[in-house]
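predicted coordinates and the sequence they were generated for:
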Amino acid sequence: MIEIENLTKRYGAFTAVDDISFTARPGRVTGFLGPNGAGKSTAMRMMCGLTPATSGSARILGRPYAALPNPTRHVGVMLDASAQHAGRTGREVLTLAAILVGAGRGQVDATLERVGLTSREAERRVGNYSLGMRQRLGLGAALVGDPRVLILDEPANGLDPGGIHWMRGLLRDYARDGGTVLLSSHLLSEVEIIADDLVLIGRGRIVAQGTKEELLSAAGVVVDATDRAALRAAVEQSGLEHTPRPDGTLAVAAQTAEVGELALRHGLVLTSLGSSGGGLEEMFLTLTSDDAREVAA
């Protein structure tokens, strides 16, 4: 478990992370999302003891990272997969990581297989690795000690579609076995598939958090009926917020079950009822539009 309480980081007059609080729970993947410059990387560095907090606390498995006995054994961290010695081979990198966590050299081959690096690739120097291979190696270094918590910053960066599919399965299995995963990524479609919980941050402050289902259902539904006038009258009578769409359907700020029950009470025949379709990407852009540092002209 990762518990963040009122975590703040200031650099002079600039506040990079502003009083954030959330919990990443065991058995679940938590997506930690925000535009560039939102404070995600700074927050993750504070969790791992790499950047001192101005105030607040970050506890992993009930303790600050630095207070854990051999913390790399309990917490697998990948914040920058490119930060690896270019002159060492992949096997050497993993062997040193295994020795550091006390896992033993025998764990290296199993980890190489787990992250999809062949024996031939393991003997190549990291300087000759592609970005995707570095990502696999960095994830291997995080996993080699069989930790209970993973903190990953952009783990899918540089992976091809097959690699992204593989990583999705690996992290799902890890969480299913009781592990805690905190995942930062700009690949919103992948986060929408794999994450159980979401934390959205903009300019250092949390703008939304909750389960994926809760947050995405808040986007509402689109509904249509054989009698559109009666449908609109029923929705207006219920007091639900709604907006007519150009195609004649109705966007309603409610969950599908609520709209379905409303139609049943009024004897309406629905021809369509479903999510508004924007998904995580639309919600992300809506909630962080005022916080993004890169805004289209």
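Yep, that arrived. Residues are numbered from 1 along each chain as shown.

for this protein, longest helix please?
Taking DSSP state H as the criterion, the chain has its longest helix at helix 161-176.

mind giving me the packing neighbours of it?
Packing partners of helix 161-176 (3 or more Cβ pairs under 8 Å, 6 or more residues apart in numbering; DSSP states H and E): strand 29-33, helix 131-143, strand 180-184, helix 188-194. For glycine as for every other residue, the C-beta is placed from the backbone atoms N, C-alpha and C.

could you dump these to a markdown table with distance to Leu159?
Output for the helices and strands packed on helix 161-176, formatted as a markdown table (distance: least, Cβ to Cβ, whole Å):
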| stretch | distance to Leu159 |
| --- | --- |
| strand 29-33 | 17 |
| helix 131-143 | 5 |
| strand 180-184 | 13 |
| helix 188-194 | 10 |
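
quick one: which of these is nearest Met1?
strand 180-184 (5.7 Å; Cβ to Cβ).

list the helices and strands that closest one packs on?
Using 3+ Cβ pairs under 8 Å, 6+ apart: strand 180-184 touches strand 14-24, strand 29-33, helix 40-47, strand 149-153, helix 161-176.

give me that answer again for 7 Å
strand 29-33, strand 149-153, helix 161-176 (3 or more Cβ pairs under 7 Å, 6 or more residues apart in numbering; DSSP states H and E).

buried ones in the longest one?
Meaning helix 161-176. Within helix 161-176, the residues scored as buried using 16 or more other Cβ atoms under 10 Å are 163-164, 166-167, 170-171, 174-175.

could you provide the residues you listed in CSV, with additional columns for pLDDT and distance to Ala38?
Output for the buried residues of helix 161-176, formatted as CSV (pLDDT from 0 to 100; distance: Cβ to Cβ, whole Å):
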residue, pLDDT, distance to Ala38
Gly163, 90, 26
Ile164, 91, 23
Trp166, 91, 28
Met167, 91, 23
Leu170, 93, 26
Leu171, 94, 22
Tyr174, 96, 26
Ala175, 96, 24
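
so which of the residues you listed is the closest to Asp227?
Nearest to Asp227 among these, with distances taken as Cβ to Cβ, is Ile164, at 44.8 Å.

not counting its neighbours along the chain, what's nearest the closest one?
Leaving aside its sequence neighbours, Ile164 sits nearest to Ala156 (Cβ to Cβ, 6 or more residues apart in numbering; 5.1 Å).

nearest to Gly104, of the buried residues of helix 161-176?
Distance to Gly104, by Cβ to Cβ, is smallest for Tyr174 among these, at 20.6 Å.

quick check: the closest one touching Val181?
Yes. The pair Tyr174 / Val181 is scored as a contact, 6.3 Å apart, by Cβ atoms under 7 Å.

what do the two both touch?
Common contacts of Tyr174 and Val181 (Cβ atoms under 7 Å, 6 or more residues apart in numbering): Leu150.

you'd agree Leu287 is up against Gln209?
No. Using Cβ under 7 Å, Leu287 makes no contact with Gln209, being 10.6 Å away.

need the overlap of contacts for these two.
Leu200.

got the phi and psi for Val199?
With angles defined as degrees, to the nearest 10, Val199 sits at phi -130, psi 120.

quick one: it from Val77, how far?
Distance from Val199 to Val77, counting by Cβ to Cβ, to the nearest Å: 18 Å.

now swap in Glu281 and tell me
27 Å.

more neighbours: which of these two?
Val77 (25 against 12; other Cβ atoms under 10 Å).

you'd agree that one is in a helix?
No. Val77 sits outside any helix when classified using DSSP: H, G, I helix; E, B strand; the rest coil, being strand.

for it, which residues are in contact?
48, 142, 151.

do Val29 as well
171, 175, 181, 183, 194-196.

coming back round to it: now the residue nearest to Ile164, what are its backbone angles?
Per degrees, to the nearest 10, the backbone of Ala156 is at phi -90, psi 0.

tell me the predicted confidence for the residue nearest to Gly140 when sequence neighbours are not counted.
Nearest residue to Gly140, sequence neighbours excluded (Cβ to Cβ, 6+ apart): Val115, at 4.1 Å. The model reports Val115 with a pLDDT of 94.
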